[in-house]
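J.: My questions are about this predicted structure, shown below with the sequence.
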Amino acid sequence: MDKANRTRILTIILTAVMFVAAAPFNAEISYGAEAAEQTGTVAEAQTETAAQADTSEQTETATEAQTETAAQAETVTETGTTETATQTETATKKKTTLRKLNTNLAPKKLNVNLRKKLGEGLDGYSVVQGSCTDGKYAYYLLVSTKNQKGRIVKVKVSNHKVVKRSKALNVHHGNGMAYDSKRKQLVVVGREKYKHRLTVINAGTLKVKKQVYVKFPSGAEGYTKKNASLGYAAIAYNKKLDKYVATLRKTRDFVLISPDKFRVTKVIKSSKFIDKLLQAMDADEEYIYVVYSSKTSKANNTIAVYDWTGKYIKSIKTKVPYEGESIYHIQKGKKEIFYMATYRSKYKYKRNRCITLRRDNYVYKLGAI
């Protein structure tokens, strides 16, 4: 074998030896790359998992935050609702809290002789019955004991000057009279066979607009046949309710009457019956005031006060020496100033004939109640 061939064979052998020696190293490099790739993949997976976990945690945190916010919102809503309900309840309580009544009256007799204001003699229209006011003017009804008709004298409250006098009106005693501020009219209750009748009078002209018999339907709250048969002894007007309130004869319960349809809508049961002579009534948004005189001494006048549920509140002594025939009030700021129209008479008999010596019809300013 020549030298050239030996050299080529050695070169081949050395190359083969070197390849065999390098194989594990290449495999290690390959494995390392694969491992690195797998490690990278795992790392990426771990990163992704971490990211997902972070996202999940953030989502959970956000959810918790939203839940907490919702809870807070719910708490605020509940608190707000409770506070609002409490405020409403408090406001309602304030609304239903009635003003304190003044019972220490110091009546003052005014220089207002109604019979003389009307220009009547002792045996004419000389007995005051119902009275009321529109705030500026006072209206007094004086009746004749002979025919039970009446005349109205309209007087300015500030100076007691006569503004107008009516002709004789067929009111049949006219035991009570109220001023309807919405319709600008006077409403007068009758007596005896006219105890269910109301006479409606124009407050400007003092002329009768109509006479109506109040209907008492069986569908009215508190209706009974007995209530429907009793008739009315006195009357007042409630502007807020836009209703007439009248006192039933005998039972002394109250009824609400629609001013447009002239029918009873409700019976208000009085919680206390007062066994005295019922004279008149007045009303405001809080109370109903009923004037009573003693059966033995008509000068002993008291005002029984009820709320609008019929609950008896108290009685107030008026300290007025004459018989109290009617009552009304005028709003002065936050106060209500009450007035009472009174009557006093004196007779003597000569040869079996009754002679009238005196018929006084004076107005007393009672003051704030």
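T.: Nice, thanks for sending it over. Residues are numbered from 1 along each chain as shown.

J.: and residue 163, what does it touch?
T.: Neighbouring residues of residue 163 by C-beta atoms under 8 Å, 6 or more residues apart in numbering: 137, 154, 155, 156. To be clear about C-beta, it is placed using only N, CA and C from the backbone, and glycine gets the same treatment.

J.: ok, the first one touching residue 154?
T.: Yes. Shown here, residue 137 and residue 154 form a contact pair, counting by C-beta atoms under 8 Å, at 5.4 Å.

J.: When the two are compared, which one has more neighbours?
T.: Comparing residue 137 with residue 154 by other C-beta atoms under 10 Å, the one with more neighbours is residue 154, at 19 against 16.

J.: Doesn't that one belong to a strand?
T.: Yes. Assigned with DSSP: H, G, I helix; E, B strand; the rest coil, residue 154 falls within a strand.

J.: Contact partners for it?
T.: Residues near residue 154 by C-beta under 8 Å, 6+ apart: 137, 138, 139, 162, 163, 164, 165, 166, 206.

J.: Please indicate which of those are buried?
T.: Those of the contacts of residue 154 that meet the buried threshold are 137, 138, 139, 165, 166, 206, by 16 or more other C-beta atoms under 10 Å.

J.: Out of those, list just those in strands.
T.: The strands, defined by DSSP state E, take in 137, 138, 139, 165 from those.

J.: so can I have TSV of these showing pLDDT and distance to residue 102?
T.: Listed next are those as TSV, based on pLDDT from 0 to 100; distance: C-beta to C-beta, whole Å:
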residue	pLDDT	distance to residue 102
137	98	25
138	98	21
139	98	25
165	98	34
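
J.: Contacts made by stretch 188-197 with the rest, please.
T.: Stretch 188-197 has contacts (C-beta under 8 Å, 6+ apart) with 130, 141, 148, 150, 171-177, 198-201, 211-214, 230-235, 246, 249.

J.: Please apply the same query to stretch 230-244.
T.: Contacts of stretch 230-244 (C-beta under 8 Å, 6+ apart): 130, 175-182, 187-189, 195-196, 198, 214, 245-251, 255-259, 265, 278-285, 288, 290.

J.: For ChimeraX, write the selection for the buried entries among those residues.
T.: Selection of buried members from the contacts of stretch 230-244 for ChimeraX, criterion 16+ other C-beta under 10 Å:
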select :130,175,176,177,178,179,180,187,188,189,195,196,198,214,245,246,247,248,249,255,256,257,259,265,278,279,280,281,282,283,284,288,290
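
J.: Inside strands: which ones of the contacts of stretch 230-244?
T.: Under the assignment DSSP E, the contacts of stretch 230-244 contribute 130, 176-180, 187-189, 198, 245-248, 255-257, 265, 278-283, 288, 290 to strands.

J.: Kindly provide the distance from the residue nearest to residue 335 when sequence neighbours are not counted to residue 185.
T.: Counting by C-beta to C-beta, 6 or more residues apart in numbering, residue 335 lies nearest to residue 368, which is 4.4 Å off, once chain neighbours are set aside. As judged by C-beta to C-beta, to the nearest Å, residue 368 and residue 185 stand 28 Å apart.

J.: Can you give me the distance of the closest residue to residue 149 other than its chain neighbours to residue 364?
T.: Closest residue to residue 149 apart from its sequence neighbours, by C-beta to C-beta, 6+ apart: residue 168 at 4.7 Å. Note on residue 168: its distance to residue 364, by C-beta to C-beta, is 27 Å.

J.: who's more crowded, those two?
T.: Between residue 168 and residue 364, residue 364 has the larger neighbour count (other C-beta under 10 Å), namely 24 against 13.

J.: Within the sheet, what are the partner strands of the helix or strand that the more buried one is a member of, with directions?
T.: Assessed by DSSP states H and E, residue 364 sits inside strand 362-368. Partners of strand 362-368 in the sheet, by DSSP bridges, are strand 108-113 (antiparallel), strand 335-350 (antiparallel).

J.: Identify, out of the ones you listed, the most deeply packed stretch.
T.: When these are scored by mean count of other C-beta atoms under 10 Å, the highest mean neighbour count falls to strand 335-350 (a mean of 17).

J.: State the mean pLDDT of that strand.
T.: For strand 335-350, the mean per-residue pLDDT is 91.

J.: Just the buried residues of the contacts of stretch 188-197.
T.: Neighbour counting by 16+ other C-beta under 10 Å classes 130, 141, 148, 150, 171-177, 198-201, 211, 214, 230-235, 246, 249 among the contacts of stretch 188-197 as buried.

J.: Mind listing what's buried along stretch 312-325?
T.: For stretch 312-325, by 16+ other C-beta under 10 Å, it's 313, 316, 318, 320, 322, 323, 324, 325.

J.: Residue 109 reaches residue 366, doesn't it?
T.: No. Look at residue 109 against residue 366 with C-beta under 8 Å: they stay out of range, at 10.8 Å.

J.: residues touching the residue nearest to residue 335, list them.
T.: By C-beta under 8 Å, 6+ apart, the residues touching residue 368 are 102, 332, 335, 336, 337, 338.

J.: Domain map for this structure?
T.: Annotated domains of the chain cover 1-97, 108-368 [automatic domain parsing].
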